[in-house]
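Colleague: got a structure for you, letters missing:
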Ligand SMILES: Nc1ncnc2c1ncn2[C@@H]1O[C@H](COP(=O)(O)OP(=O)(O)OP(=O)(O)O)[C@@H](O)[C@H]1O
Ligand SMILES: [Mg+2]
């Protein structure tokens, strides 16, 4: 396995840190093979998410964001390089039980309709997730409080909720497992514009309150900007820019980032901020 020793990511190349190093992607390449044709979705990317950090990954459709999320969770095999979480290498998901450390990575997907079981009440689904957590899992009531849903929601089925409420349930379920790293792959993309920033802010709140870290993936820089400490910009399977959120927002160095910012439709160049910020 090739490891890029010239990586600019100091943490990724440090041999001394293990526990406490968080998530590290070291020179990760992912290729897909479809009908005998190989295509490269990720070209040797370097990323890190430190414990307690809220990090964004942005880029246009097809640039490789979901592939990155899947590589982190072991849902697609890495062709070259490595993904490590707290010093444990992430291998493709198989039939074997995952190491405890890797069970602490949880994902919230774009489509809450597909990720919740339509035939089970919310309480049962949250209880299942709590069972994974051998520590002190929050109660179902506490989880519903956390995502600002009424406690009575526990006795209902997913179909009895709106899209935004369903996504809150999906977030509660992820938090029930006591994650130390939450991966949100476009978790707000299926929601109405008025709800997007609300749910994004909620995800940040629950992440911070639980002391976890989050990688928040979106094509919408204006919402991402509201919640992340640090940001990666991806273009055609490569990280083209990385930095503190405000720095990237105000002084983008890469031409693609500049284009991405310019495409936010406000003529004064300062970009749009969602109207609902509470
Ligand atoms: N299972 C697959 N087999 C073959 N190619 C794939 C597969 N999944 C993704 N790809 C390709 O890999 C590239 C990256 O896709 P990916 O889903 O990671 O992009 P994305 O940034 O998440 O896009 P979006 O914003 O639309 O969700 C695309 O060119 C896509 O067509
Ligand atoms: Mg995607």
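Modeller: Now that the structure is in, tell me what you want to look at. None of the values given here were measured: they were computed from a predicted structure. Ligands and ions are numbered 1, 2, ... in the order given.

Colleague: please count neighbours and contacts with C-alpha atoms only from this point.
Modeller: Fine.

Colleague: pLDDT weak spots in this protein?
Modeller: 1-18, 95, 135, 265-278 (pLDDT under 70).

Colleague: the strands in it, which residues?
Modeller: Using DSSP state E, the strands found in the chain span residues 23-34, 37-49, 54-58, 80-85, 88-89, 105-108, 181-185, 213-218, 230-235, 238-244.

Colleague: who touches the first one?
Modeller: By CA atoms under 8 Å, 6 or more residues apart in numbering, the residues outside strand 23-34 that reach it are 3-4, 7, 11-13, 38-50, 67, 71, 76-86.

Colleague: next one: the fifth one
Modeller: Residues lying outside strand 88-89 but in contact with it, judged by CA under 8 Å, 6+ apart, are 82, 83, 101, 102.

Colleague: nearest to ligand 1 among these?
Modeller: Nearest to ligand 1 out of the contacts of strand 88-89 is residue 83 (CA to the nearest ligand atom; 15.9 Å).

Colleague: what angle separates the longest helix along the chain from strand 213-218?
Modeller: The single longest helix within the chain, with elements called by DSSP state H, is helix 193-210. If you take axes from the mean of the first three to the mean of the last three CA atoms, to 10 degrees, helix 193-210 sits at 170 degrees to strand 213-218.

Colleague: how about helix 193-210: buried residues?
Modeller: 195, 196, 197, 198, 199, 200, 201, 202, 203, 204, 206, 207 (16 or more other CA atoms under 10 Å).

Colleague: ok, stretch 151-162 next?
Modeller: 153, 154, 157, 158.

Colleague: make JSON lines out of those residues and add distance to residue 125.
Modeller: Converted to JSON lines, the buried residues of stretch 151-162 look like this (distance: CA to CA, whole Å):
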{"residue": "153", "distance to residue 125": "12"}
{"residue": "154", "distance to residue 125": "9"}
{"residue": "157", "distance to residue 125": "10"}
{"residue": "158", "distance to residue 125": "10"}
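
Colleague: out of those, which one sits closest to ligand 1?
Modeller: residue 158 (23.8 Å).

Colleague: ok, that closest one touching residue 112?
Modeller: No. Judged on CA atoms under 8 Å, residue 158 makes no contact with residue 112 at a distance of 9.1 Å.

Colleague: give the residues shared as contacts by these two.
Modeller: residue 166.
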